[in-house]
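J.: Compute the structure for the input listed below.
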Amino acid sequence: MKRLFRQLCTRPINITSSQWSSRINPTFLQDRHYFTPSFDRDAKFSKVSDGDLAVFRDILGDNGVITSESDPQTVDGYNVDWMKKFKGHSSVVLRPKTTEQVSRILKHCNKRMLAVVPQGGNTGLVGGSVPVFDEIVLSTALMNSTLSFDDVSGIVVCQAGVVLQALDSFLSERGFTVPIDLGAKGSCHVGGNVATNAGGVRLVRYGSLHGTVLGLEAVLADGTVIDTLSTLRKDNTGYDIKQLFIGSEGTLGVITAVSLLTPPKPKAVNVAFLGCRSFEHVKLILKQAKRELAEVLSAIEFVDRGSVEMVLKHVSGSQDPFAQSHAFYVLIETSGSNAEHDEQKLAQFLEGLMRDADPLIDDGTIAANDGQRASLWKLRESVSESLQRAGTVYKYDLSLPLDQFYPMVDAMRARIGSKGVVVGYGHIGDGNLHLNISTPRYDESVFQLVEPYVYEYTAKHRGSISAEHGLGVMKPSFLHFSKSSAVVETMRAVKRAFDPNGILNPYKVLPRPAST
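T.: Here you go, the predicted model:
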């Protein structure tokens, strides 16, 4: 055991944010290929007038209204997503602090037929939080107060603009933690997490936000405030309206506050990083982990060798965790209340993986302290950003049955050939594959090889074309690969009921009608 699972202290993996810039591919800075809509701006929407700006300033004050005339650089920042893939042309950003202000803004916009894009931390991957044309950006950044916390139940109530990591720090001081963990936790907002039904690495332990969100407050397009901000675990009184807003991506209403059930902060956390030779072994490791680690298993992730090589190549200071390379890697995290019990449980599990005549793992390491745990996690979480720095990346977030999980990567690799590098990684514990195709610069021929094939493959195997990133403006035209026409029409009916004029985040989630 000691021979195989050596401690990480002799091979530290140190990755700091300051090291990114020295390895950025110049193409990333020069060859931006922004999404171009295949449809025109909807003529029913009005343009923002001086009179509208006067109304907004009356509601928010001068500091709450930013225009491209007064501060073009700041407004530009709200128009572009972090991947530099989607770019809008909004000339107005509104920054309310209260639900009442949001209500007054939307009431005016609905009356004037002004389209609005709600925006949180703007960390999405499908263009859901930036304008397509000239929609007004309604930022929740100043709605950043934690309103209450019950240290018995672990229920916290906060405004939508609270940054996830800030909320986790608040809870950590009180012995609790947030039930989701994302690579963008330092920037993403809680309201945006709920609006997109964000998943992340701890879903295997705590489930989705559909279960941990106890209540929310949202403002409809006409200014009506929907207050379901309950802190009750059980409330069986009719339709559970809050569920419609979770994952709605700002198309049904603007979420202004959230009530969240949070778990106690684990007292003991262990992280193991394993190398294995086949994806069949990865699946068997997952099977054994669910059975043997059970209640202490808090995350189980996988990355292929290509993903690791991207990090090693594009993140300065990174190191391979093992002397020899492996086809696949599995990161396992356990967390619980008893360090001795959890360590023994993990040790027995790892010994079992090596006991067979055909061991499931070929190498591995267990982090010995917080710094080493963070380094191993950083190796996994750096994959997405390293791909950005390699050039153009075509990113796909899929749910697939495990028997088709890596075959999807192999199929795409065969299809792309020498035109690009195809890698796969993701949340193996809940069947969520992040499929990425990297090319030095944007290549239309590669794009045509990828889409719609990636969605056709997913539909053929009864998967989902969006596991956790949502639909945004990138995927509505492909919704039929995951949802039947009857379901899509039901979604349209819900949209009409909540937002009859269609001013909230237009062009997103739902496919465009065939006649437009």
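
J.: mind checking the end-to-end distance for stretch 470-483?
T.: 13 Å (CA to CA, to the nearest Å).

J.: Outside of it itself, list whatever touches it.
T.: Stretch 470-483 has contacts (CB atoms under 8 Å, 6 or more residues apart in numbering) with 35, 37, 86, 124-129, 132, 196-197, 247, 249, 451-452, 455-456, 458-459, 463-466, 488, 491, 507-512. Glycine gets a C-beta too; all of them are placed from N, C-alpha and C.

J.: For V213, grab phi and psi.
T.: phi -80, psi 120 (degrees, to the nearest 10).

J.: whoops, Y425 was the one
T.: phi -160, psi 180.

J.: hey, what's the nearest residue to it once chain neighbours are set aside bridged with?
T.: Of all residues not flanking Y425 in the chain, V303 sits nearest, at 4.0 Å (CB to CB, 6 or more residues apart in numbering). Going by DSSP bridges, V303 is paired in beta bridges with Y329, Y425.

J.: Pull the number of nearby residues for V303.
T.: 23 (other CB atoms under 10 Å).

J.: before we move on, what about F302?
T.: 27.

J.: Let me know the pLDDT of it.
T.: F302 carries a pLDDT value of 96.

J.: L8 now?
T.: L8 is assigned a pLDDT of 34 by the prediction.

J.: and the gap between A184 and D76?
T.: A184 is 20 Å from D76, where distance means CB to CB, to the nearest Å.

J.: Keeping just the C-alphas, turn the helix or strand hosting L214 into CSV.
T.: L214 is part of strand 213-219 when elements are defined by DSSP states H and E. Only the C-alpha atoms of strand 213-219 are listed here, as CSV (Å, rounded to 0.1, in the frame of the first residue of the first chain):
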residue,chain,number,x,y,z
VAL,A,213,-33.3,24.8,-2.9
LEU,A,214,-36.1,25.1,-0.4
GLY,A,215,-37.6,28.3,-1.7
LEU,A,216,-36.9,31.3,-3.8
GLU,A,217,-38.1,34.8,-4.7
ALA,A,218,-38.5,35.8,-8.3
VAL,A,219,-39.9,38.7,-10.3
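
J.: Now find how far off-centre it is within its chain.
T.: Relative to its parent chain, strand 213-219 has a centroid offset of 19 Å by CA atoms, centre = their mean, to the nearest Å.

J.: Which neighbours in the sheet does that strand have, and how are they oriented?
T.: strand 225-228 (antiparallel), strand 254-261 (antiparallel).

J.: could you dump these to a markdown table with mean pLDDT and mean neighbour count?
T.: Formatted as a markdown table, these follow (pLDDT from 0 to 100; neighbours: other CB atoms under 10 Å):
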| stretch | mean pLDDT | mean neighbour count |
| --- | --- | --- |
| strand 225-228 | 97 | 16 |
| strand 254-261 | 98 | 26 |
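
J.: Checking V446 next. Helix, strand or coil?
T.: helix (DSSP: H, G, I helix; E, B strand; the rest coil).

J.: Verify the stated contact: it with K419.
T.: Yes. If you go by CB atoms under 8 Å, V446 and K419 touch, sitting 5.2 Å apart.

J.: right, and S91 touches Y78 too?
T.: No. S91 lies out of contact with Y78 (CB under 8 Å); the separation is 10.4 Å.

J.: Pick out whichever of the two has more residues nearby.
T.: Taking other CB under 10 Å, S91 and Y78 do not tie; Y78 has more neighbours (23 against 19).

J.: I'd guess the more buried one is in a strand, am I close?
T.: No. Read with three-state DSSP, Y78 is helix and lies in no strand.

J.: ok, it touching G120?
T.: No. Between Y78 and G120 there is no contact under CB under 8 Å: 11.3 Å.

J.: list residues touching both of these two?
T.: With contacts defined as CB under 8 Å, 6+ apart, the residues shared by Y78 and G120 are S139.

J.: Could you check the pLDDT of the residue in the chain sticking out farthest from the centre?
T.: Relative to the centre of the chain, and counting by CA atoms, centre = their mean, the farthest-placed residue is A357 at 39.8 Å. pLDDT recorded at A357 is 74.
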